[in-house]
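Enquirer: coords please:
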Amino acid sequence: MPLDLFERMTVDGARLPKALHDLASREHLGEVVVLSTCNRTEVYALAEKFHGAYGDVRNFLAELAFVTPDEFADHLYVHYDTEAVRHLFSVAAGLDSAVLGEAEILGQVRTAWERAGEEGTTGPVLNLLFRHALETGKRARTDTDIARGTASVSHAAVEMAAERLGDLQGKRVLVMGAGEMAEGMATALQRAGVTDVFVANRTWRKARALADRIGGQAVRLSDLPLALLEIDLLLTSTGATVPVVEHDDFAPVMAERSGRELLIVDIAVPRDVDPTVRDLPGVTLLDINDLRTFAQAGIERRSGELEAVVAIIDDEIGRFRTAASARTAAPVVGALHRWADDVRDAELTRFDARLDGLDDRQREAVEALAKGLVNKLLHRPTMALKEHAGTPTGDRLAEAMRQLYDLDS
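Expert: Numbers count the residues shown, from 1 in each chain. Here you go, the predicted model:
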């Protein structure tokens with residue numbers, strides 16, 4: 001998807017509550033979680049009817065970005081039932097990230113789930129799903145080397161900058177932002193031995209706290225133009241919804257630098273730096289698309305771990321299905337079998353006088369026949385309940401069983 005379109009479809013923290021309630025209020029959507037990162041905007045929902053739910057989500061995205069559905073139809077992907085489970089587990093394991101095995105995504109999945117819980121838009125089905133997704137992500141990183149080496153977007157950004165500049169030793173670097181991504185970049189700079197690191201943020205307290213943690217120096221936004229004159233590299237990832245660095249503001253800075261080149265790595269989505277800044281003489285501007293290209297090398301280095309992670313995902317899908325079955329199908333199946341056993345026992349009791357002339361062996365044969373008939377009659381509905389457990393179809397089947405047989409489960 002073009003970055004300028006994707007930017008319009010991101011859901012930042014401030015807009016997330018409204019987005020969650022908007023989705024949850026739509027006709028075909030029940031429980032809802034929204035996961036919006038620098039690499040994706042995804043809606044996970046419990047849907048009664050697939051096509052209706054698809055339309056609800058598509059319309060939400062169109063309204064969010066102020067575009068028609070046709071403008072992003074080619075970039076929309078949809079998964080449901082087991083494939084939706086597999087996709088989320090792959091995301092949590094870092095298989096669907098710009099950097100293979102990315103560490104930050106696991107925290108982002110957890111935060112998305114927690115925010116949905118705070119807003120009351122998630123429930124037993126998605127709670128179980130996201131709990132297993134987090135367990136899958138942790139296991140993938142513990143049991144394999146998928147996260148070996150550069151396994152975060154922030155660290156990859158620093159490595160990409162180092163590759164462009166040849167070496168970061170002796171360079172003066174400004175980190176703009178103080179959130180998770182910015183802190184990751186600042187920490188990577190510290191580990192790389194960069195001593196001249198400056199931190200700027202809208203909130204002075206956060207800028208100073210991050211600078212203190214890495215042995216850097218905080219910069220007030222009012223002093224930002226002066227700091228930009230001195231640095232060799234600008235790394236930026238803020239939570240701003242509009243560009244922090246505009247072309248017209250930056251042009252005088254580059255003029256005063258007297259031809260000294262400046263590398264800017266902007267991994268924010270939406271972007272912090274106006275894309276037209278790259279047109280200024282002496283500026284090299286890289287964004288999240290450049291990072292994805294750079295990260296392909298890391299994917300190739302760790303591709304040998306893919307098979308092991310996929311095996312973990314398959315195993316965890318099985319565990320999730322079993323847990324979902326236990327949550328939804330087991331009570332109904334148990335109640336259905338108890339009802340059938342009560343009917344069988346009542347009928348045997350009703351015919352007890354007619355069976356009085358049978359010896360023990362014959363009576364056992366009659367009882368075994370009755371039990372076998374009951375089990376055969378219940379086999380198909382029992383299997384259907386278990387097979388579709390944890391899905392809207394399974395919920396409909398369970399409710400139908402309760403109503404048809406007046407079950408208390």
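Enquirer: give me phi/psi at the nearest residue to D232 once chain neighbours are set aside?
Expert: Nearest residue to D232, sequence neighbours excluded (C-beta to C-beta, 6 or more residues apart in numbering): K171, at 4.3 Å. Yep, even glycine has a C-beta here, placed from its N, CA and C like the rest. Main-chain dihedrals, K171, degrees, to the nearest 10: phi -90, psi 150.
Enquirer: quick check, K171 in contact with L165.
Expert: Yes. Between K171 and L165 there is a contact under C-beta atoms under 8 Å: 6.4 Å.
Enquirer: between the two, which is the more surrounded one?
Expert: K171 (20 against 16; other C-beta atoms under 10 Å).
Enquirer: how far away is the more buried one from Q217?
Expert: Separation of K171 from Q217 (C-beta to C-beta, to the nearest Å) stands at 14 Å.
Enquirer: do the same with Y77
Expert: In terms of C-beta to C-beta, Y77 sits 44 Å off from Q217.
Enquirer: got it, and V269?
Expert: In terms of C-beta to C-beta, V269 sits 27 Å off from Q217.
Enquirer: ok, now F130?
Expert: Per C-beta to C-beta, F130 is found 40 Å from Q217.
Enquirer: higher neighbour count, the two?
Expert: F130 (23 against 15).
Enquirer: name the nearest residue to that one, sequence neighbours excluded.
Expert: W113 (4.1 Å).
Enquirer: burial count for the one you found?
Expert: W113 has 21 neighbours, counted by other C-beta under 10 Å.
Enquirer: which residues belonging to the helix or strand encompassing it are considered buried?
Expert: Element membership for W113, per DSSP states H and E: helix 104-119. Applying a neighbour-count criterion of 16 or more other C-beta atoms under 10 Å, one finds 104-106, 108-110, 112-113, 115-116, 119 buried in helix 104-119.
Enquirer: you'd agree T241 is up against P270?
Expert: Yes. Applying C-beta under 8 Å, one finds T241 in contact with P270, separated by 5.9 Å.
Enquirer: what about these two, which has more around it?
Expert: P270 (19 against 11).
Enquirer: which strand or helix spans the closest residue to D290 other than its chain neighbours?
Expert: Spatially, and ignoring its direct neighbours in sequence, D290 is nearest to M160 (7.1 Å; C-beta to C-beta, 6+ apart). Using DSSP H and E, M160 sits in helix 153-165.
Enquirer: and for the following helix or strand past that helix, what's in contact with it?
Expert: Counting by DSSP H and E, the next helix or strand C-terminal to helix 153-165 is strand 172-176. Residues outside strand 172-176 that contact it (C-beta atoms under 8 Å, 6 or more residues apart in numbering) are 182, 185-186, 189, 194, 196-201, 210, 216, 219, 227-228, 230-238, 244, 272.
Enquirer: re the thing from before, after the helix holding W113, next one along is what?
Expert: Past helix 104-119, the next helix or strand by DSSP H and E is helix 124-143.
Enquirer: got the angle between that following helix and helix 104-119?
Expert: With axes from the mean of the first three to the mean of the last three C-alpha atoms, to 10 degrees applied, the angle from helix 124-143 to helix 104-119 works out at 160 degrees.
Enquirer: off-centre distance for helix 124-143?
Expert: What separates the centre of helix 124-143 from the centre of its chain is 11 Å, taken as C-alpha atoms, centre = their mean, to the nearest Å.
Enquirer: again with stretch 94-101
Expert: On C-alpha atoms, centre = their mean, the centre of stretch 94-101 falls 11 Å from that of its chain.
Enquirer: residues contacting that stretch, please?
Expert: 38-40, 87, 90-91, 93, 102-103, 105-106, 137, 140-141, 146-148, 150-153, 155-156, 288, 291-292, 295, 298-299, 302-303, 305-306, 309-310, 313.
Enquirer: over to stretch 322-334?
Expert: 124-125, 128, 132, 382, 385-386, 389-390, 394-395, 398, 401-402, 407, 409.
Enquirer: that one: end-to-end distance?
Expert: 16 Å (C-alpha to C-alpha, to the nearest Å).
Enquirer: can you name the next helix or strand after the lowest-mean-pLDDT helix or strand in the chain?
Expert: Every helix and strand of the chain was ranked by mean pLDDT, DSSP states H and E. The lowest is helix 288-302, at a mean of 75. Once helix 288-302 ends, the next helix or strand along the chain (criterion: DSSP H and E) is helix 306-324.
Enquirer: can I assume the residue nearest to F130 is in contact with E119?
Expert: No. If you go by C-beta under 8 Å, W113 and E119 don't touch, sitting 11.1 Å apart.
Enquirer: any weak-confidence spans in the stretch 301-409 of the chain?
Expert: 301-303, 390, 409 (pLDDT under 70).
Enquirer: strands along that one, start to end?
Expert: Taking DSSP state E, counting those that start in this stretch, the stretch 301-409 of the chain contains no strands at all.
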